[in-house]
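Asker: Requesting a structural model of the entry that follows:
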Amino acid sequence: MTLSSVSIALTGSGGAGVMTAGQILLDAAAKAGFYGLMGRTLGPQIRGGESAALLRLATGPVDGPDDGYDILLAFDWGNIERFQDELPLNTGGLIIADPHQGAVPDIMLTGDDIRTAMVPFHDLAKPIAGGRVNMVGLGLIAALIGLDPAFLLDRVARQLAGKGEAALEASRAALAAGAAAAADIAGVSPLAAPAPRTGDRWSITGNDAAGLGAIQGGVRFCAAYPITPATDILEWLAPNLPKVGGTLVQCEDELASINMIIGSSFGGTPSLTATSGPGLALMTESLGLAVASETPVVVVNVQRGGPSTGIPTKSEQADLNIAVNGLHGDAPHVVTAPLSIGDCLFTTQWSVHLAEAMQTAVIVLSDQTLGQSRAIIDPPADLAFVGKRRVPERIEAPYERYAVTADGVSPMALPGQEGGAYTGDGLEHDPVGHPSTQTAHHQAQLDKRRRKVEGFDYGDHWAEVDGDPDADIAIVTWGSTAAPAREAMARARALGFKVRLVAVRLIHPVPVDRLRYALSGVSRVLVVEQNHDGQYWRHLRAHMDLPGTVAALHRPGPVGLRPREILARLQSQ
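Answerer: Numbering: from 1, shown residues only. I've put the predicted structure just below:
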C-alpha cells in the first residue's frame, strides 16, 4: 500500500536543527517531483528554544495541513507541552524518539492506536566526526517514506556548499545511519510515485509571494517597521525592490511607516507597508488620512494571535474587525484576504491595483499560517494587474482635486504638474480641496468616497467558488481556512453530499449581490474561520441575510482548523 499524502512533524529544542532538516526534506521531495507544504511552530523566545517543522508531502497539490500527523519524530521533549495541541496524530500514527531523552510523555499518547519506536539518534551520530542528529533523523524519515536518497544527498550538498568535504561526508554518513535504523521500524506506508513533472514548480512562502505580488502590482516604495510574522515580507523586498528601481526604508515605528507611504504615494509612487495586528492598530489614524485625502496605499497585515502582544508566533484570523471598522468616522476603504500561499501573490498584486484605481486604502489580511509556511506549488497564472491611478492630462483652473464624479474617482494631479497644486490633508473639504465645515460639502464627499468602493467592478476575483452547482449546503470562508474547507468539501462530495465552497477574497465592502448569486439554491450555510468571536460571520450578518439555516464554525488559534472538523460539522448540520 502506498500513500498519496504523508504528514510529518519534526520537533526539538534549539540547536537540534529541526527547521534545517524540514527544509531539506521539503526541497528533496520537490526535486523528486512531489508537492509539499512546510509550516512551523515556535515558542515565544527570540532565539533558540523549542520548535517544530510541520510537513505534508503529496503526489498532488496541497494548500493546507491534514487532520493530523502520520509520523512525529522528536529529537528531544523540551517544552513539548507548549505546542502539544498543534501536533495531533492520525489514527495509527507513529512517534519516533530517542530513548536517552526520556519516555514519550503521556500527553503525546492521546490518539487512537499510537505506535512508538525508540531510535538512539545521539548514539548513532556520536561515532561520526561532525555527525548531527538532525541528519540521522532526516535519513530515517526519507527511508520510511520511500524518498530516493539521491535527492536527499543533492539537497544536503546544496545546504552545505562552502563548508567543505568533511562536513558533507559527515552528513552522508549520518543520513546512511538513519536510513539503516529505519529497517527496524515496520508498518509505515511509503509515498506513491509522483506523476511525471510537466513544468517548473515554485518553492515559496506566503510572505515572499506577497512581496512579489507587490512588485508586480507596481509598488516601488515600502516603508515598514519589523514585526512578527510580517518581517519576512520586508526581508524579501529589501534586496528585490532596488532591482526594479524601488526603495525600502526601515522606519523607527509603525506611525512613521504609514505616514511615509502616504507621502510617497502622494508624490505618485505606488507604496506599501507590512505589519501585524499591533502595528495595524497604530496605523488606523493615518489610514483615515489616506481615505480622506484619497491617497492610495496598501497595508499587508499578517495576522497573529491577539489581543495586544497576544501570541506573536502563532496564527489567527482575528484582525478582521479592526481592518473593517478600525478607522474613526465614516471612512470607506477595501479589505482583501489571500486564500492560499500562492494566492498571496495574486491578492497583493490585485490589492495594489484596487488602491490605485480607487485612490483609497486597501488592507490585505494574510496570516502567520500563510505568511510563514513554505509550499511547493505550480507557478500562479500571470495576470496583468498593474496599479494605475487616474491622472489629469490637462488641468484647467480651478483644479477640482475632489470633484464629485459619477464613479467617485477624480483625477489626482502629481506634484509639479502645472496647475495641479491642491491641499491634501485630513480636514473635510470642498471639491477644490479647501477645508470646509459646510454640511453639503461633507455629505457630497462622504457619498463620493463610499460610491467609489461600493460601485467598483471587482470582477470575478472577489471569491473562488467551487463545488456542486446544485448544492444543498455551502461553506463560506476566507483566508487560510479556505484550504481545510476545500479539503472538507472534497471529502463530503466523496460521501455523496452536494456541497459548494465560497472562499471570499473581497472581505469589505461585502459583495452582497455576488454572494447571493453564489449561494443561490443553497438551504444551509456554514461560515468557517479561525477566531474566537466569529468575526466574518457577524460581518456578513450585518450586511445581508444568508439563505436557509446558517451555522458558524469558529475558534481561535493557535491550532488551525482541520478538514475533519469541518466535515463533521457539515454532516451534523
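Asker: And stretch 105-113, what's buried?
Answerer: Using 16 or more other C-beta atoms under 10 Å as the test for burial, stretch 105-113 gives 108, 111. For glycine as for every other residue, the C-beta is placed from the backbone atoms N, C-alpha and C.
Asker: next one: stretch 403-415
Answerer: 408, 409, 410, 411, 412, 413.
Asker: Go ahead and confirm the fifth one touches residue 399.
Answerer: No. Residue 412 sits out of contact with residue 399 when judged by C-beta atoms under 8 Å, with a separation of 10.6 Å.
Asker: For the closest residue in space to residue 194 that isn't next to it in sequence, grab the count of nearby residues.
Answerer: With sequence-adjacent residues excluded and distances taken as C-beta to C-beta, 6 or more residues apart in numbering, residue 194 is closest to residue 33, at 3.8 Å. For residue 33, the neighbour count with other C-beta atoms under 10 Å is 16.
Asker: quick one: residue 33 and residue 376, what's the gap?
Answerer: 10 Å (C-beta to C-beta, to the nearest Å).
Asker: next one: residue 529
Answerer: From residue 529 to residue 376 the distance is 26 Å (C-beta to C-beta).
Asker: again with residue 246
Answerer: Counting by C-beta to C-beta, the gap from residue 246 to residue 376 is 28 Å.
Asker: ok, those two, which is more surrounded?
Answerer: residue 376 (24 against 20).
Asker: ok so the more buried one is a strand residue?
Answerer: Yes. Checked against DSSP: H, G, I helix; E, B strand; the rest coil, residue 376 lies within a strand.
Asker: I'd say it and residue 32 touch.
Answerer: No. Look at residue 376 against residue 32 with C-beta under 8 Å: they stay out of range, at 10.5 Å.
Asker: List the contacts of residue 244.
Answerer: Residue 244 makes contact with 215, 220 under the criterion C-beta atoms under 8 Å, 6 or more residues apart in numbering.
Asker: try 6 Å
Answerer: residue 215 (C-beta atoms under 6 Å, 6 or more residues apart in numbering).
Asker: repeat for residue 304
Answerer: Residue 304 makes contacts with 229, 276, 312, 368, as judged by C-beta under 6 Å, 6+ apart.
Asker: One more pass at 8 Å, please.
Answerer: Residues in contact with residue 304 (C-beta under 8 Å, 6+ apart) are 228-229, 276-277, 310-316, 367-368.
Asker: ok, now how distant is it from residue 42?
Answerer: For residue 304, the distance to residue 42 - C-beta to C-beta - is 12 Å.
Asker: Overlap in contacts, these two.
Answerer: residue 313.
Asker: quick one on the thing from earlier: and which of the contacts of residue 304 is nearest to residue 132?
Answerer: For the contacts of residue 304, the residue nearest residue 132 by C-beta to C-beta is residue 313; the value is 24.7 Å.
Asker: pLDDT wise, what is the closest residue to the closest one other than its chain neighbours at?
Answerer: For residue 313, ignoring the flanking residues on the chain, the nearest one in space by C-beta to C-beta, 6+ apart is residue 42 at 4.4 Å. The pLDDT attached to residue 42 in the predicted structure is 82.
Asker: shouldn't residue 42 be in contact with residue 51?
Answerer: Yes. Contact status for residue 42 versus residue 51: in contact at 5.0 Å, counting by C-beta under 8 Å.
Asker: Which one's more surrounded, these two?
Answerer: Set residue 42 next to residue 51 and count neighbours by other C-beta under 10 Å: residue 51 wins out with 23 against 20.
Asker: Please name the bridge partners of that one.
Answerer: Residues in a beta bridge with residue 51, per DSSP bridges, are residue 12, residue 42.
Asker: gap between residue 157 and residue 179?
Answerer: 17 Å.
Asker: Which of the two has more residues huddled nearby?
Answerer: Neighbours per residue, other C-beta under 10 Å: of residue 157 and residue 179, the larger number sits with residue 179, 19 against 12.
Asker: give the contact list for that one.
Answerer: With contacts defined as C-beta under 8 Å, 6+ apart, the neighbours of residue 179 are 139, 140, 142, 143, 149.
Asker: let's see 10 Å
Answerer: Contacts for residue 179 (C-beta atoms under 10 Å, 6 or more residues apart in numbering) come out as 136, 138, 139, 140, 141, 142, 143, 144, 149, 152.
Asker: ok, so of those residues, who is nearest residue 260?
Answerer: residue 138 (43.9 Å).
Asker: Ignoring the adjacent residues along the chain, who's closest to the closest one?
Answerer: Leaving aside its sequence neighbours, residue 138 sits nearest to residue 21 (C-beta to C-beta, 6+ apart; 4.7 Å).
Asker: Spatially central residue for this protein, please.
Answerer: Nearest residue to the geometric centre of the chain (C-alpha atoms, centre = their mean): residue 370, 2.1 Å.
Asker: Please verify my assumption that it contacts residue 301.
Answerer: No. With contact defined as C-beta atoms under 10 Å, residue 370 does not count as touching residue 301 (11.6 Å).
Asker: List only buried entries from the contacts of residue 304.
Answerer: Buried subset of the contacts of residue 304 (neighbour count, 16+ other C-beta under 10 Å): 228, 229, 276, 277, 310, 312, 313, 314, 315, 316, 367, 368.
Asker: Give me the subset of these lying in helices.
Answerer: 277, 368 (DSSP state H).
Asker: Could you dump the buried ones among the contacts of residue 304 into CSV with pLDDT and distance to residue 439 added?
Answerer: Formatted as CSV, those follow (pLDDT from 0 to 100; distance: C-beta to C-beta, whole Å):
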residue, pLDDT, distance to residue 439
228, 94, 46
229, 96, 45
276, 98, 39
277, 98, 36
310, 93, 42
312, 92, 46
313, 90, 50
314, 94, 48
315, 96, 45
316, 97, 42
367, 98, 42
368, 97, 45
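Asker: Output the buried ones among the contacts of residue 304 in TSV, with distance to residue 291 appended to each entry.
Answerer: Shown next, in TSV, are the buried ones among the contacts of residue 304 (distance: C-beta to C-beta, whole Å):
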residue	distance to residue 291
228	28
229	27
276	21
277	20
310	27
312	29
313	32
314	31
315	28
316	26
367	24
368	27
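Asker: closest to residue 428 among the buried ones among the contacts of residue 304?
Answerer: Nearest member of those to residue 428, counting by C-beta to C-beta, is residue 277, at 29.4 Å.
Asker: Looks like that closest one contacts residue 322 (just checking).
Answerer: Yes. Counting by C-beta under 10 Å, residue 277 touches residue 322, with 7.3 Å between them.
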